[in-house]
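Novice: The following block contains a protein sequence and its predicted model.
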Amino acid sequence: MGTPAARQSTDQIYRELRAGILAAVLRPGEAMSEARMAVRFGVSRTPVREAFKRLVEDGFLSVVPQVGTFVAPIDIVAVYDSQFVRETLECRTVVLAARHIDDAGKAALERLVREQEQALANGDQVAFFQLDDAFHAEISRLSGHPAVWSLIESVKAQLDRVRCLSLESATWPDMIMREHRGIAECITRANEAEAETAMRAHLRTVFAAIENIARSHVDAFAGSAPPIRLD
């Protein structure tokens, strides 16, 4: 297991590299060097090797024998699975949020939308992404089932990689903001049917994102997309 200090170094390296992969700072196919990362983190190669091993097990790094270690392509099957989970759960939570919304809930949604719009205006992609998650987490809270968002977070890592790459499009963040604003308005009006329709359409933008990313990042994905079932 190693010393506590070594385990702490491994955990830190693992967390930082995982975050970099999810945020597309480390791109699919990018070479990963134990020696280079050891210098970057100011440690020996041992904790880096252990962190790499964990990232390989998670599907974020891939090892090519006699060649090297690379950031793994996005697992397209995992993306579609997590998309299915999100749509199934969030199309229910948004209905319940619209059913139970109160003045405090309306104010919370409005604040999150304004903050995300400000992050967009500031060009702060990290804050924009975090506020995107906060918006959806708030809808789960308003539905009376806050733990649903924790469940979604546990399965959406590969989907987040698609979301981060999609934000590099000049038009994508503006579209996300329009959709969030529309969802918030439907919830605020307590219109359950329109809220569900708006949420479903919003979550399915991932399909267009995959197509766009595949055109500009040829090697971004691994595996074949399963047939899309829209009913």
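Specialist: In hand now; what should we look at?

Novice: Strands of this protein, start to end?
Specialist: For the chain, the strands defined by DSSP state E cover 31-32, 61-64, 68-71, 74-75, 221-222.

Novice: Could you give the separation of the fourth one from the chain centroid?
Specialist: Centroid displacement of strand 74-75 relative to its chain, using CA atoms, centre = their mean, to the nearest Å, is 12 Å.

Novice: And the contacts of that strand?
Specialist: With CB atoms under 8 Å, 6 or more residues apart in numbering as the contact definition, strand 74-75 has outside contacts at 28, 59, 158, 161, 162, 220, 221, 222, 223. Just so you know, the C-beta spots here come from the backbone N, C-alpha and C atoms, and that holds for glycine as well.

Novice: Kindly report the same for the first one.
Specialist: When contacts are taken as CB under 8 Å, 6+ apart, the neighbours of strand 31-32 outside the stretch itself are 17, 26, 52, 61, 68, 69, 70, 71.

Novice: Which among those residues count as buried?
Specialist: 17, 26, 52, 61, 69, 70, 71 (16 or more other CB atoms under 10 Å).

Novice: which residues touch the last one?
Specialist: If a contact means CB under 8 Å, 6+ apart, then residue 71 has 21, 26, 27, 28, 29, 30, 32, 60, 61, 62 as its contacts.

Novice: Which one of the residues you listed is nearest to residue 132?
Specialist: Ranked by distance to residue 132 (CB to CB), the contacts of residue 71 are led by residue 21 at 18.1 Å.
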